[in-house]
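J.: give me the fold of what follows.
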Amino acid sequence: MTGWRFVLRAASGRKAEAVARLTVQQQLAYKTDFLLRSSFLLLILFVFVQLWTAAYGGDSAKVISGFTMKEIIWYLVFTESLTMAAPPLTAKVEEEVKSGDIAVRLIRPMSYLGYHYSAFLSEAAFRCAVHLLVGSAVAWSFVGAPDFGFGWPGFMALSLGALTVAFLLNASVALCAFWVEETAGLQFVLQKLQFTIGGMLLPVDLMPGWLQRVCAWLPFQAALYLPARAAVHYDGAMLLRFAAVQIGWIAVLGALVAFMYRRGVRKLYVNGG
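T.: Next up is the predicted model:
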């Protein structure tokens, strides 16, 4: 099964719809967890607003590497919403391997990767929508309403690709549990790469030229920087180029994840199962 096939299978069909519906219901059941995450996002964005206000000297008309202060703040709303939307896939897979539950998962009528992709995508989309509402309230209060034209549709158009890339990156780390079981360290490294060269903390445009060239050859920007950049600096030709980049990385990472899955299942030793 190629990387494309499991993504396409998971994105359609009654089984995927059932998984998505169940996942959203589970999220609605944990209202306290939702409130805590939203409160944390409020705190993060408030800190970033203060930092960038100081960096721009309070001058809303000032431009740094093509970004005004307003665009930077809204850019952070988009990247933070996508970052905090991602469910803890690595911890789930690691626990399934350790407990032996993966033996049950593997014999279910829906493919293992397809199941996790459907659950990841539905939960991430739900979380992202809520975080966008919370983040927009903060940005609107401090820097005013967004005026990005087709930026919102541009962000939405690239969000599915961004979340799919995020899933594949996390899945490539999660599947290492077949060999090492403890994947927390690898997940920590992946997370920090997304924070920095993935463009979560600041746009790639503000990085040194040599680092921008390095980032262009890595998949991390496809999950965060590209959709956020398209939102605040919308351009039709740029949107198509960004979408092509995402599709390319989905194909490459999908093939990698499918290969790891096949090899992992082949040598799987279920502890306690």
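J.: where does the closest residue to residue 152 other than its chain neighbours fall, secondary structure wise?
T.: Using CB to CB, 6 or more residues apart in numbering and skipping residues adjacent in sequence, the residue nearest residue 152 is residue 231, 6.7 Å away. Quick note: C-beta positions are derived from backbone N, CA and C, even for glycine. Using DSSP states H and E, residue 231 falls within helix 225-232.
J.: just to revisit the earlier point, what separation is there between the residue nearest to residue 152 and residue 212?
T.: According to CB to CB, to the nearest Å, residue 231 stands 19 Å off from residue 212.
J.: who has more neighbours out of these two?
T.: residue 231 (26 against 15; other CB atoms under 10 Å).
J.: what packs against the helix holding residue 231?
T.: In terms of contacts (3 or more CB pairs under 8 Å, 6 or more residues apart in numbering; DSSP states H and E), helix 225-232 is packed against helix 69-85, helix 151-174, helix 236-266.
J.: between those helices, which gets nearest to residue 208?
T.: Among the helices and strands packed on helix 225-232, the nearest to residue 208 by CB to CB is helix 69-85 (17.8 Å).
J.: picking up where we left off before, mean confidence (pLDDT) on the helix holding residue 231, please.
T.: Computed over helix 225-232, the mean pLDDT rounds to 93.
J.: please apply the same query to stretch 172-184.
T.: Stretch 172-184 shows an average pLDDT of 86 in the prediction.
J.: right, and the helices and strands packed on helix 225-232 - which one's nearest residue 44?
T.: Closest to residue 44 of the helices and strands packed on helix 225-232, according to CB to CB: helix 69-85, at 6.2 Å.
J.: now do the closest one: distance to the chain's middle.
T.: 12 Å (CA atoms, centre = their mean, to the nearest Å).
J.: just checking, what packs against that helix?
T.: By 3+ CB pairs under 8 Å, 6+ apart, helix 69-85 packs against helix 31-55, helix 112-143, helix 151-174, helix 225-232.
J.: isn't residue 138 right up against residue 47?
T.: No: with contact defined as CB atoms under 8 Å, residue 138 does not reach residue 47; the gap is 10.7 Å.
J.: just want to know which of these two has more residues nearby.
T.: Higher neighbour count among residue 138 and residue 47: residue 138, with 21 against 10, using other CB under 10 Å.
J.: the closest residue to the more buried one other than its chain neighbours - how many residues pack around it?
T.: Residue nearest to residue 138 in three dimensions, not counting chain neighbours: residue 45, with 4.4 Å by CB to CB, 6+ apart. Residue 45 is flanked by 24 other residues according to other CB under 10 Å.
J.: now swap in residue 248 and tell me
T.: 12.
J.: relative to residue 223, how far out is it?
T.: 13 Å.
J.: likewise residue 262?
T.: Distance from residue 262 to residue 223, by CB to CB: 24 Å.
J.: quick one: low-confidence parts of the stretch 1-150 of the chain?
T.: Scanning the stretch 1-150 of the chain for pLDDT under 70 picks out 1-35, 109.
J.: ugh, wrong one, I meant the stretch 151-273 of the chain
T.: In the stretch 151-273 of the chain, residues with pLDDT under 70: 268-273.
J.: if we can go back for a sec, how far off centre is the helix holding residue 231?
T.: On CA atoms, centre = their mean, the centre of helix 225-232 falls 13 Å from the chain's centre.
J.: and for stretch 235-251?
T.: Worked out by CA atoms, centre = their mean, stretch 235-251 lies 16 Å from the chain centre.
J.: before we move on, what about stretch 58-71?
T.: With CA atoms, centre = their mean, you get 26 Å for stretch 58-71.
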